[in-house]
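J.: Need a 3D model of the sequence below.
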Amino acid sequence: MADTALCFHCGHFKRVFSDKCSSCGFEPSEDLDVAKSRVLGAPWNFTIGVVGDAVETGRSRSELLAISEQIRGGKAYDFPVEELEGVLAAYRQAQATTPGQLMFALLKWLAPPILVALFIGGALWFKS
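T.: Numbers count the residues shown, from 1 in each chain. The predicted structure follows:
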């Protein structure tokens, strides 16, 4: 698996945005640090809130290379405030989601296709 994220502390690449940096040892644990790390990872889309507002984040490989050079040169990356707030909101929403809420969401989306399959299977079984 290729390195797909940057450490925003030292600018070195790491496998995944949430990994501990093998160069400086920084590991994102605070919500804001996780959000910053997600921004400096591979492109990703989130939805947040009841209406499903879209949050797009992440950077292309060429953008990450340029940002890495910038950070390694001693200049901190200037995170876009709106993007960082969206990622932070999505992360906090995910952290607050209970197993029961996940199960309900899963059943809500799987129930209709399962019922259709059962109906078709039952119709075919009775027909034969």
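J.: drop to CA atoms for contacts and neighbour counts, all remaining ones
T.: Fine.
J.: can you pull out the strands in this structure?
T.: Using DSSP state E, the strands found in the chain span residues 5-6, 13-14, 44-48, 53-57.
J.: Mean pLDDT and distance to E63 added to the ones you listed, as TSV?
T.: Converted to TSV, the strands of the chain look like this (pLDDT from 0 to 100; distance: least, C-alpha to C-alpha, whole Å):
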stretch	mean pLDDT	distance to E63
strand 5-6	96	11
strand 13-14	96	12
strand 44-48	79	14
strand 53-57	82	12
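J.: Just the buried residues of the lowest-mean-pLDDT helix or strand in the chain, please?
T.: Lowest by mean pLDDT, DSSP states H and E among the helices and strands of the chain is strand 44-48, with a mean of 79. The neighbour-count check on strand 44-48 (16 or more other C-alpha atoms under 10 Å) flags 47-48 as buried.
J.: low-scoring stretches of the chain, by residue?
T.: The chain contains residues with pLDDT under 70 at 1, 49-52, 128.
J.: Name the single longest helix found in it.
T.: Assignment by DSSP state H gives helix 99-127 as the longest helix of the chain.
J.: quick check: domain ranges of this structure?
T.: What automatic domain parsing lists as the domains of the chain is 5-96, 98-128.
J.: Report how many residues lie close to the residue lying closest to F8 once chain neighbours are set aside.
T.: Excluding the flanking residues, the one nearest F8 by C-alpha to C-alpha, 6 or more residues apart in numbering is S37, at 6.6 Å. Using other C-alpha atoms under 10 Å, S37 has 24 neighbouring residues.
J.: Same question for F126.
T.: 8.
J.: same thing with P28?
T.: Residues near P28, counting by other C-alpha under 10 Å: 20.
J.: Who are the contact partners of the nearest residue to it once chain neighbours are set aside?
T.: Spatial nearest neighbour of P28, excluding adjacent residues (C-alpha to C-alpha, 6+ apart): V34 at 5.1 Å. The contact partners of V34, by C-alpha atoms under 8 Å, 6 or more residues apart in numbering, come to 17-18, 28, 88.
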